[in-house]
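> Generate a structure from the sequence data that follows.
(chains A, B, C and D)
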Number of protein chains: 2
Amino acid sequence: MKPENTRVPVLPPSPAQHEGCRGVASVLARVGDKWSVFVIMMLFDGPKRFNEIKRLIDGISQRMLTLTLRGLERDGLVTRTVFPTIPPRVDYELTDLGRGLSQPVMALGEWAKNHQIEIETARARFDGRREAAE
Amino acid sequence: MKPENTRVPVLPPSPAQHEGCRGVASVLARVGDKWSVFVIMMLFDGPKRFNEIKRLIDGISQRMLTLTLRGLERDGLVTRTVFPTIPPRVDYELTDLGRGLSQPVMALGEWAKNHQIEIETARARFDGRREAAE
DNA sequence: CCGTATCCACCTGGATACTG
DNA sequence: CAGTATCCAGGTGGATACGG
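Have a look, this model is predicted:
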């Protein structure tokens, strides 16, 4: 995984139709990759070790946690500090940038929590109506 | 596409470790699916027709727009109104719920636009350092 | 115009095993 | 403990063609 593997909708030939949607997409790709947001939330209240995060999220594979953390590190959202002790110890911490991003992300999370029921209801209704039309 | 195909990290055995992350995940899955956010943003300033949206986003395939709109409709975020004219005409519009969601989404978009450069810089630095270690 | 259906390349992400 | 490597199933999304 190196450069711009996150292929993203560039809204191509039309120039600046809604102002800088290109950059939005690249961040949204981060937010949307299933694990990044969880990691960000876990790191919100201070630095944590690798396995600590792994335990907290639980369900994430070692591989995915590594990839996610690397991605966040690459984007300058978290720092990785290695303590050359035995056994090795690695701390991950949100950068200022990461803490900044966590604000709107948390807001989104809040909204999600508060409207979760409405969405589930809407889904049930939608699926119900589809079934009625079998 | 019907029920809960959006498989989501449930943070399984540990109960309520950070309060309702389950619902967060399901919304984030919507937000993260590469196109939903764009559609939401396009619909922010009023209802639009199918091909109108398609033209605005441009890069999205007909199939993906259909799937995205269905998903948003299922979640109660947009309404779909069919005018039985010839040729047929279908309008999509944000619901109140959808407009509510668009707030934190827009906030996220704003943040993305404002910090796009920092992230790109961080990426370049990260990739550069990796290359130096070839 | 607004879709649905089909096919298929690619990517994501889990399981597992192995190193420093 | 903190990774890396490999393998592989399943999902995602583009292209294309066709239907109402």
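
> Please tell me how far residue A:110 sits from DNA strand C.
Relative to DNA strand C, residue A:110 is positioned 23 Å away (CB to the nearest atom of the strand, to the nearest Å). Bear in mind the C-beta positions are built from the backbone N, C-alpha and C, glycine included.

> dump the residue contacts of that residue.
By CB atoms under 8 Å, 6 or more residues apart in numbering or on different chains, residue A:110 lies in contact with residue B:104.

> could you give the angle of the helix or strand hosting it to helix B:96-132?
Assigned by DSSP states H and E, residue A:110 belongs to helix A:96-132. Going by axes from the mean of the first three to the mean of the last three CA atoms, to 10 degrees, helix A:96-132 is angled at 130 degrees with respect to helix B:96-132.

> Name the nearest residue to the residue in chain A that chain B sits nearest to, sequence neighbours excluded.
Proximity to chain B, evaluated over chain A using CB to the nearest CB, is greatest for residue A:32 at 2.2 Å. Spatial nearest neighbour of residue A:32, chain neighbours left out: residue B:32 (2.2 Å); criterion: CB to CB, 6 or more residues apart in numbering or on different chains.

> Identify all contacting residues around the helix or strand bottoming out on mean pLDDT in chain A.
Here the helix or strand of chain A ranked lowest by mean pLDDT, DSSP states H and E is helix A:21-31, holding a mean of 77. Residues outside helix A:21-31 that contact it (CB under 8 Å, 6+ apart): A:6, A:8-11, A:36-37, A:71-72, A:75, A:77, A:101, A:105, B:28, B:31-32, B:34, B:37-38, B:41, B:108-109, B:111-113, B:115-116, B:119.

> With stretch A:40-51 instead?
For stretch A:40-51, contacts defined as CB under 8 Å, 6+ apart pick out A:53, A:56-57, A:65, A:69, A:72, A:77-78, A:81, A:89-94, A:98-99, A:101-102, A:105-106, A:109, B:18, B:21.

> Selection in PyMOL covering whichever of those residues are buried, please.
Only the buried entries of those go into this PyMOL selection, using 16 or more other CB atoms under 10 Å in any protein chain shown:
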select buried, (chain A and resi 53+56+57+65+69+72+77+78+91+92+94+98+101+102+105+106+109) or (chain B and resi 18+21)
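
> Would you mind trimming the contacts of stretch A:40-51 to those in range of DNA strand D?
A:69, A:89, A:90 (CB under 7 Å from any atom of the strand).

> Among these, which lie within helices?
Under the assignment DSSP state H, these contribute residue A:69 to helices.

> OK, contacts around the residue nearest to residue A:32?
Contacts of residue B:32 by CB under 8 Å, 6+ apart are A:28, A:29, A:31, A:32, A:33, A:34.

> Would you mind measuring from the fourth one to residue A:79?
Which is residue A:32. Here residue A:32 is placed at a distance of 23 Å from residue A:79 (CB to CB, to the nearest Å).

> before we move on, the earlier item: would you pull up how far the next helix or strand along the chain from the least confident helix or strand of chain A lies from the middle of the chain?
Beyond helix A:21-31 on the C-terminal side, the first helix or strand identified by DSSP H and E is helix A:36-42. With CA atoms, centre = their mean, to the nearest Å as the basis, helix A:36-42 stands 6 Å off its chain's centre.

> next SSE after helix A:36-42?
strand A:48-49.

> one step back: so can I have JSON lines of the contacts of residue B:32 showing distance to residue B:46?
Converted to JSON lines, the contacts of residue B:32 look like this (distance: CB to CB, whole Å):
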{"residue": "A:28", "distance to residue B:46": "22"}
{"residue": "A:29", "distance to residue B:46": "27"}
{"residue": "A:31", "distance to residue B:46": "26"}
{"residue": "A:32", "distance to residue B:46": "26"}
{"residue": "A:33", "distance to residue B:46": "31"}
{"residue": "A:34", "distance to residue B:46": "32"}
